[in-house]
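K.L.:
pasting a predicted model and its sequence here:
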Amino acid sequence: MEINKQTIKPSRGPTLPRAPLHAMTNRTSQKGRTPSDQIAQSSILNTKSRETPVTSVKRRISGGSAKPIPSRSTAGRSVSAHNQGSGVKRIVGDGRMDAIETQLASMQSLFDLERRRTEDILIREQTERRQQEDKVRQLEEDLMEQRRAALLSAERNSRSLADDELDDLLRKHQKEKRELQDEIDRERMTVNSLKSALEQRSTAHLTMDSTNVALRAQIDTLKSRIEEMEEEKNEVLSHTSMIREENERLQASLRDAESLRRKLHNEVQELRGNIRVFVRVRPPISAGKVGFSHPVPEASIRYTDDLESKRIELATNAESAMGTATMRSHAFEFDRVFRPDASQADVFAEVEHLIQSVLDGYNTCIFAYGQTGSGKTFTLEGPNLPDADALTEANFANDEGLIPRAVSMLWKTANDLQSKGWQYSFEGQMLEIYNEGINDLLGKAEVDKAKHEIRHEKGRTFVSDTVTVQLQSPKELFTLLSRAKRRRQVAATLMNERSSRSHCVFTLRVVGRNLETLESSDAVLNLVDLAGSERLNNSGSGKDAARLKEAQNINKSLSSLADVITALGGQAKSSNGTTPSTTVTNSAAHIPYRNSTLTWLLKNSLGGNSKTLMLLALSPLLEHQSESLCSLRFASKVNSTVIGTARRVRAA
Ligand SMILES: Nc1ncnc2c1ncn2[C@@H]1O[C@H](COP(=O)(O)OP(=O)(O)OP(=O)(O)O)[C@@H](O)[C@H]1O
C-alpha cells in the first residue's frame with residue numbers, strides 16, 4: 001500500500017528539551033553502573049568540591065604570596081601531608097604549628113561547612129538533576145509516547161486513508177458486484193423467459209403441427225367435397241337451364257292463365273249479375289255521437305241465414321183492418337248482408353274482386369246509398385275525422401274504408417302484375433254534386449264557381465275545368481282525400497251533426513299496358529258517396545228554403561238513379577228476351593241518364609259495360625225503421641235488375 005509521505009509528518013507536539021550531552025553521557029554511562037560506583041564517584045566529586053575551597057583558603061592565607069595550592073594531585077599529596085602532621089610540627093615549631101592547626105581547624109570547619117554546603121548543593125543539584133532527569137525521562141517518555149502516538153496516528157491516518165481507499169474500492173467493488181449481479185439476474189431472467197418462450201413456441205409448434213395435419217386432412221376432405229360439388233354444380237346448372245326453359249314455358253302459360261282468369265272472373269261477375277247489392281247495418285251508436293236522442297231503441301232486424309249472410313228481415317209495426325197493432329215482417333235477399341259487427345276488412349273482402357276488375361279493364365262503380373247517418377261515408381272512407389288535415393295513413397289504420405283499401409290493393413296488384421309485363425298508371429278526380437251543380441273538390445279555388453260540363457267520348461267521361469291528379473303512391477291519396485274533405489259542402493240537419501247534403505264522386509282512372517302481350521286496358525273506378533236518401537218530411541228541411549232545395553235535388557238525383565237502373569234492367573230484358581223480376585218503367589231503348597247530373601256523370605259506369613255495386617247503409621235504430629224499409633225496398637228492386645254484360649274497355 002502506498003502511503004502518502006506528505007501526510008505522514010510527525011505531529012507538532014511541544015518541543016521537548018534536549019537532555020544535556022553530559023547528562024546523556026552520564027545516563028549512558030550510569031546505565032551500566034552499580035550503586036557503589038555511584039557512591040565512589042560522588043566521593044570523587046566531593047573531593048573535587050572540597051579542593052576548590054582549600055585552594056581559596058590557601059590564597060587567603062598566603063596573602064598572595066602563598067604558593068598556589070596544588071591541583072588534584074597536589075591535594076592528594078597535601079592530605080598525605082596532613083596525615084603526616086607530627087612530622088611538620090617538628091619541622092616548623094610548635095606555635096606556629098598551633099596557629100596552623102587552629103587555622104587548619106577553622107579551615108577544617110569552614111571546609112566542613114563548605115563541604116556540607118557543597119554537599120547540600122550537590123544533593124540539591126543531584127535532586128534537581130534527578131528531577132530534571134526524571135523530567136527529561138518523563139519528557140522522553142512523553143516524547144516517545146507522542147512519537148508512538150504520532151506514529152500510531154500517522155499509521156492510523158495512513159491506515160484510515162488506505163481504509164477509505166479500501167472502502168471506496170470495496171464500495172466500488174460492491175457496486176460493480178451488485179451491478180454484475182443485477183446484470184446476471186437480468187440475464188438469468190431473460191434466459192428464463194427465453195426458455196419459457198421457447199417452451200411455449202415448441203408447444204405451439206407442436207399444436208400447429210397437429211393443427212396443420214388436421215387442416216391438411218380437412219383440405220383433402222374439402223377438395224374431394226369441392227370436386228363432388230363441382231359435379232353437383234354441373235348437374236344443377238344443367239337442371240337450372242331445364243328449369244329456366246320450364247319457367248319460360250310456365251310464364252307463357254301463366255300469361256295465358258291470367259287472360260283466362262280475367263275472362264272467367266268476368267264471367268263469374270256476370271253470373272252474379274253486373275249490378276249487385278250489399279247491405280250493411282251499422283252498429284247502434286251512443287247518443288251524443290251523431291245527435292240522436294236518448295235512449296235509442298233499436299229496430300227489429302233479424303239475419304235469417306247464418307251460412308250465406310244474404311237475408312235480412314225487418315219487422316215493422318202495422319195496424320190491421322180491425323185496428324189491432326201487429327208486427328209485419330219484411331224479408332229481403334241481397335248478394336250480401338253485413339251485420340253491425342262486420343268490420344271494414346270484411347266488407348272490403350267481398351268488394352275486392354269487383355275492384356280487381358278495374359285492372360282487368362272493366363268500368364266499375366260502387367255507390368253507397370242510405371239515409372243520413374246510416375254509415376255511407378264510414379264505409380267508403382272510414383271514420384269521420386274532426387279535422388280533415390289530420391287525415392293520415394295511421395288514422396285510417398283498422399277503420400280505413402273502401403277507397404283507401406281499394407287504392408292500396410290496386411297499387412299492390414299492379415306491382416305484382418309487373419312480373420307479367422303489365423305497367424299501370426293511376427289518376428284521381430274528386431267531384432261533388434251539390435244542388436245539381438258540380439264542385440271540383442281538388443280545384444284551386446276554395447269555392448268553385450265554374451260551370452262544369454260533362455261530355456262522353458269513346459266510352460270515357462270528361463268534366464271541363466276540373467283537376468285530375470296523377471297518383472304515384474297510395475300515400476298521395478290521403479292528401480287528396482284531406483283536400484277534398486275540407487272543401488266538401490257540409491250542412492247541419494236534424495239527422496246528422498255534419499250531414500253531407502251532396503253526392504261525392506271519387507273517380508280513379510287506371511290505364512294498363514302489357515309490353516309482352518301488347519294487351520291494354522283503360523277503366524274507371526267510381527266510388528260514390530250519395531247524399532242522404534231520407535224523405536223530405538224526415539230531413540227537417542221543410543222550414544228552410546235552402547235545405548228544401550237541397551233535399552229536392554237529392555231526391556231528384558236518387559230517383560233518377562233508380563230510373564236509370566230500372567231502364568237498364570228493361571234494356572237487358574229486351575236483349576235477353578227474359579222477363580225481369582222488376583217492373584220496367586222506361587222504354588228499353590232509352591236510359592234517362594240526363595235526368596240528373598249524378599246519372600249523367602256516371603253514365604259510363606252504370607251502363608251495360610260496367611260493373612255496379614250498390615252498398616246500402618242501414619241504421620239499426622227504431623226511429624229510422626220506415627226509412628230503412630224504403631231503402632231496403634229500393635235496394636231489392638235494384639238487386640233484381642239485370643243490367644247486361646260488362647265489356648272490357650281497351651286503351652286507345
Ligand atoms: N259500421 C260502423 N261502425 C262504426 N261506426 C259507424 C259505422 N257506420 C257509421 N258509423 C258512424 O256513424 C256516424 C254516421 O256515419 P256516416 O257519416 O258514415 O253516415 P253517412 O250515411 O255518410 O251520413 P251522411 O249522409 O250525412 O253523409 C259516424 O259517426 C260514423 O263514424
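P.N.:
Structure's in. What do you need? Numbering: from 1, shown residues only.
K.L.:
skip the chain neighbours and tell me the closest residue to the single nearest residue of the chain relative to the ligand.
P.N.:
Of all residues in the chain, the one sitting closest to the ligand is residue 375 (2.7 Å; Cβ to the nearest ligand atom). Yep, even glycine has a C-beta here, placed from its N, CA and C like the rest. Ranked by Cβ to Cβ, 6 or more residues apart in numbering and with sequence neighbours excluded, the top spatial neighbour of residue 375 is residue 282, at 3.7 Å.
K.L.:
one more: residue 281?
P.N.:
Distances taken as Cβ to Cβ, 6+ apart put residue 618 closest to residue 281, at 4.5 Å, once the chain neighbours are dropped.
K.L.:
next one: residue 553
P.N.:
residue 435 (4.8 Å).
K.L.:
report the residue ranges of every domain in this protein.
P.N.:
Domain assignment of the chain by automatic domain parsing yields the ranges 21-173, 273-289+297-318+328-639.
K.L.:
tell me which of the ones you listed sits most buried.
P.N.:
domain 273-289+297-318+328-639 (a mean of 18; mean count of other Cβ atoms under 10 Å).
K.L.:
all strands of the stretch 501-650 of the chain, in order?
P.N.:
Using DSSP state E, counting those that start in this stretch, the strands found in the stretch 501-650 of the chain span residues 503-514, 520-529, 610-618.
K.L.:
turn the ones you listed into CSV, including distance to residue 414 and mean pLDDT.
P.N.:
Shown next, in CSV, are the strands of the stretch 501-650 of the chain (distance: least, Cβ to Cβ, whole Å; pLDDT from 0 to 100):
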stretch, distance to residue 414, mean pLDDT
strand 503-514, 7, 91
strand 520-529, 11, 91
strand 610-618, 18, 90
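K.L.:
could you dump these into a markdown table with distance to residue 366 added?
P.N.:
What follows is those, written out as a markdown table (distance: least, Cβ to Cβ, whole Å):
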| stretch | distance to residue 366 |
| --- | --- |
| strand 503-514 | 10 |
| strand 520-529 | 5 |
| strand 610-618 | 4 |
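K.L.:
make JSON lines out of the ones you listed and add distance to the ligand.
P.N.:
Below are the strands of the stretch 501-650 of the chain laid out as JSON lines (distance: least, Cβ to the nearest ligand atom, whole Å):
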{"stretch": "strand 503-514", "distance to the ligand": "9"}
{"stretch": "strand 520-529", "distance to the ligand": "6"}
{"stretch": "strand 610-618", "distance to the ligand": "5"}
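K.L.:
looking at the ones you listed, which is nearest to residue 301?
P.N.:
strand 610-618 (7.7 Å; Cβ to Cβ).
K.L.:
and the closest one, what does it pack onto?
P.N.:
Contacts defined by 3 or more Cβ pairs under 8 Å, 6 or more residues apart in numbering; DSSP states H and E place strand 610-618 against strand 275-281, helix 344-359, strand 363-370, helix 376-380, helix 603-606, helix 625-639.
K.L.:
select from those the stretch with the lowest mean pLDDT.
P.N.:
Note on the helices and strands packed on strand 610-618: lowest mean pLDDT is at helix 603-606, with a mean of 83.
K.L.:
can you give me the strands for this structure?
P.N.:
275-281, 300-302, 311-319, 325-333, 336-338, 363-370, 422-434, 437-440, 454-457, 460-463, 469-470, 503-514, 520-529, 610-618 (DSSP state E).
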